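K.L.:
only geometry, no sequence info:
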């Protein structure tokens, strides 16, 4: 049985996995990225982790990995981690992350999650859609003609900083009225505290809103309105067949999707809004997309479409 | 010498041309679309005009056209004019527009203009850019990986109805705060009159603004701010290499481009704004793009890149 090593490298932690040709997934315990030790140390930590996972694969499946796929933040090509403000690296070649001689391919973190949702997740069979994970921050994977699209230089997808209220609240980025400053999970918590004097997580704010708490309902309603405005612009510009909502906030389910659907429709005159659907792969989308990149590195570009959606129920090693 | 017949079919008038394989252009006098006579009459008028232009081609170049290209409004595939609210037709096959047996290809009006700007206009050699004609209305051609992109169902590019001031002025479309309601040429004229009690064309409003008229400067400044907000969202989402501004308003030149460049940069934190450039092909972009479609219909897909930018200075017949 052949397999690949897949790694989702975030700002603070890395999630690793072993994934076979037929979609058998072994999920490994995450570990810190260690960015406080500087970019060289992060590259070293990734290489060590990849080596360990490959060692596990060797003992489980006999033989080296067919490839390695890595989802990384910032600006990235398939061969180079060009830049990450978060980690601090510049122009790290993909080969630096893996034991010598193993084929490797890099991808942008959000777009790699979008790739997984596209191939065997909520966007399976849909060529043109938006994958929008809403977590601490907001960034999207714009999937066009079946492929995640990063723009001319790889900066695309930053819908979280689109100005939805151009004379509104100040965003941490320095701009005014960004989507993220109203609708991210951290914005929900922050704005609820500012309005009510109480402390709550984003999840609790949604629960309070559903239960009828006025401050929570106000803040959650404004998050939904901000999402509706940003998505109306997206729909008008790119006419997607589907919008897939992911990240922590999408766990609110119908409490988010039903009013968002209604408000988005209210912001559109000519178009029917596309269906809104929750993501299928949860926080593992990045690692699973990295597995697809690993198979691409191994020369196998049509892997994954036949994987069962319950890839997440594969074995887990900690 | 082989040639194609090219037609840009607008809501009120049609512009026709004969274009050879090497980019020799003969521009014909426009004529009314005649939509007041109903959609069947429009199809008939197009077919008659195509036949006449082909007759001229026959006498000039000896032989029938190699193909016909038509830029049409609304929803369109290369083989069918699916829908136009403006003209009223539904599901008209491309063959209905041409004499029997001539290869034909349709394209969306704005995207066909974008195709021409992409192949031999202001976007020549640029794979990823926005072509934004600003006229009576505003709609864009989103050029991605070298091709105009219309979205899942062909409704893409409608940036004119993106909500830039979501609690702002009412747009004719029924929505609130659309870009078009602040920044189109008709909006400039309308808003200037509302503010000053005076009447002026959009061109005159720009001239008055440049000359220091307070009402005109206010209205023109708000148009530029609305464009900056919409373009900031575009840049964040799609990271274009270039923005090409066309239509009547782009004739304002530096009076538009310089402040827009500055305000767009002011709305972006992470990204350098892409260059802003005026369109190269003026009001003939649609007809010239239709010529490219005609060549595609004839099986020639790599025509045009070597055409001189002064294709517009070809012969003119009226």
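P.N.:
The structure has been received and is ready for your questions. Every value quoted in this text rests on a predicted model; they were computed, and no experiment measured them. Numbers count the residues shown, from 1 in each chain, chains lettered A, B, ... in the order given.

K.L.:
near chain B, which residues of the stretch 101-250 of chain A?
P.N.:
A:127-128, A:140, A:142, A:144-145, A:149-159, A:161-166, A:173-175, A:225, A:229-230, A:232-234, A:236-241 (Cβ under 8 Å from any Cβ of the partner chain). To be clear about C-beta, it is placed using only N, CA and C from the backbone, and glycine gets the same treatment.

K.L.:
Now restrict those residues to buried residues only.
P.N.:
The neighbour count (16 or more other Cβ atoms under 10 Å in any protein chain shown) marks A:128, A:140, A:142, A:144, A:149-152, A:154-159, A:161-166, A:173, A:175, A:225, A:229-230, A:232-234, A:236-241 as buried among these.

K.L.:
can I see the domain layout of chain A?
P.N.:
Listed by automatic domain parsing, the domain ranges of chain A are A:3-114+A:281-317, A:125-278.

K.L.:
The strand or helix carrying residue A:219 vs helix B:214-238, what angle?
P.N.:
Here residue A:219, judged by DSSP states H and E, is contained in helix A:214-238. On the basis of axes from the mean of the first three to the mean of the last three Cα atoms, to 10 degrees, helix A:214-238 is oriented at 90 degrees to helix B:214-238.

K.L.:
so for helix A:214-238, what's the average pLDDT?
P.N.:
What helix A:214-238 shows for mean pLDDT is 98.

K.L.:
Of the buried ones among the residues of the stretch 101-250 of chain A next to chain B, which belong to helices?
P.N.:
Of those, the ones assigned to helices by DSSP state H are A:225, A:229-230, A:232-234, A:236-238.

K.L.:
any chance of these in TSV, plus distance to residue A:97?
P.N.:
Converted to TSV, those look like this (distance: Cβ to Cβ, whole Å):
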residue	distance to residue A:97
A:225	42
A:229	39
A:230	34
A:232	40
A:233	36
A:234	33
A:236	40
A:237	35
A:238	33
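
K.L.:
what's the average pLDDT for stretch A:261-277?
P.N.:
On average, stretch A:261-277 scores 95.

K.L.:
What of stretch A:90-97?
P.N.:
For stretch A:90-97, the per-residue pLDDT averages 97.

K.L.:
now swap in stretch A:168-188 and tell me
P.N.:
Mean per-residue pLDDT for stretch A:168-188: 96.

K.L.:
buried residues in it?
P.N.:
Buried residues in stretch A:168-188 (16+ other Cβ under 10 Å): A:168, A:171, A:173, A:175-188.

K.L.:
same check, this time on stretch A:84-103
P.N.:
By 16+ other Cβ under 10 Å, the buried positions in stretch A:84-103 come out as A:84, A:86-87, A:89, A:92, A:94-95, A:97-99, A:102-103.

K.L.:
how about TSV for those, with distance to residue B:59 and secondary structure added?
P.N.:
What follows is these, written out as TSV (distance: Cβ to Cβ, whole Å; DSSP: H, G, I helix; E, B strand; the rest coil):
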residue	distance to residue B:59	secondary structure
A:84	64	coil
A:86	67	coil
A:87	68	coil
A:89	67	coil
A:92	65	strand
A:94	61	helix
A:95	65	helix
A:97	67	helix
A:98	68	coil
A:99	72	coil
A:102	68	coil
A:103	62	coil
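
K.L.:
And the furthest pair within those?
P.N.:
Across the buried residues of stretch A:84-103, no pair lies farther apart than A:86 and A:103, at 26.2 Å, counting by Cβ to Cβ.

K.L.:
residues contacting the closest residue to residue A:21 other than its chain neighbours?
P.N.:
Using Cβ to Cβ, 6 or more residues apart in numbering or on different chains and skipping the chain neighbours, the partner closest in space to residue A:21 is residue A:2 (5.4 Å). Residue A:2 is in contact with A:20-21, A:61, A:63, A:65-66, A:298, counting by Cβ atoms under 8 Å, 6 or more residues apart in numbering or on different chains.

K.L.:
Now which of those would you call buried?
P.N.:
Using 16+ other Cβ under 10 Å as the burial test, the contacts of residue A:2 include A:20-21, A:61, A:65-66, A:298 as buried.

K.L.:
among those, which are in strands?
P.N.:
residue A:20 (DSSP state E).

K.L.:
Quickly check the buried ones among the contacts of residue A:2 for the two that are furthest apart.
P.N.:
It's A:61 and A:298 that sit farthest apart of the buried ones among the contacts of residue A:2, by Cβ to Cβ, at 13.7 Å.

K.L.:
quick one: contacts for the closest residue to chain B within the stretch 51-200 of chain A?
P.N.:
Residue nearest to chain B within the stretch 51-200 of chain A: residue A:151 (2.5 Å; Cβ to the nearest Cβ). By Cβ under 8 Å, 6+ apart, the residues touching residue A:151 are A:157, B:128, B:238-240.

K.L.:
Equivalent analysis for residue A:145, please.
P.N.:
Counting by Cβ under 8 Å, 6+ apart, residue A:145 has contacts A:127-128, B:149.

K.L.:
just how off-centre is stretch A:79-94 within its chain?
P.N.:
18 Å (Cα atoms, centre = their mean, to the nearest Å).

K.L.:
Quick one: end-to-end distance for it.
P.N.:
5 Å (Cα to Cα, to the nearest Å).

K.L.:
tell me what the helix or strand hosting residue A:110 is packed against?
P.N.:
If you go by DSSP H and E, residue A:110 is part of helix A:109-120. Contact here means 3 or more Cβ pairs under 8 Å, 6 or more residues apart in numbering or on different chains; DSSP states H and E; on that basis helix A:109-120 packs against strand A:3-9, strand A:67-72, strand A:129-133, strand A:141-144, strand A:147-149, strand A:242-246, helix A:285-297.

K.L.:
rerun that using 6 Å as the cut-off
P.N.:
strand A:141-144, strand A:147-149, helix A:285-297 (3 or more Cβ pairs under 6 Å, 6 or more residues apart in numbering or on different chains; DSSP states H and E).

K.L.:
And the furthest pair within the contacts of residue A:2?
P.N.:
It's A:61 and A:298 that sit farthest apart of the contacts of residue A:2, by Cβ to Cβ, at 13.7 Å.

K.L.:
which residues sit in contact with the closest residue to residue A:135 other than its chain neighbours?
P.N.:
By the measure of Cβ to Cβ, 6+ apart, the closest residue to residue A:135 outside its immediate chain neighbours is residue A:247, 3.9 Å from it. Residues near residue A:247 by Cβ atoms under 6 Å, 6 or more residues apart in numbering or on different chains: A:133-135.

K.L.:
Mark which of those residues are buried, thanks.
P.N.:
Buried members of the contacts of residue A:247, scored by 16+ other Cβ under 10 Å, are A:133-135.

K.L.:
Out of those, which one has the weakest pLDDT?
P.N.:
Of all the buried ones among the contacts of residue A:247, residue A:135 carries the smallest pLDDT score, 92.

K.L.:
Could you pull up phi and psi at it?
P.N.:
Residue A:135 has phi and psi values of phi -130, psi -140 when expressed as degrees, to the nearest 10.
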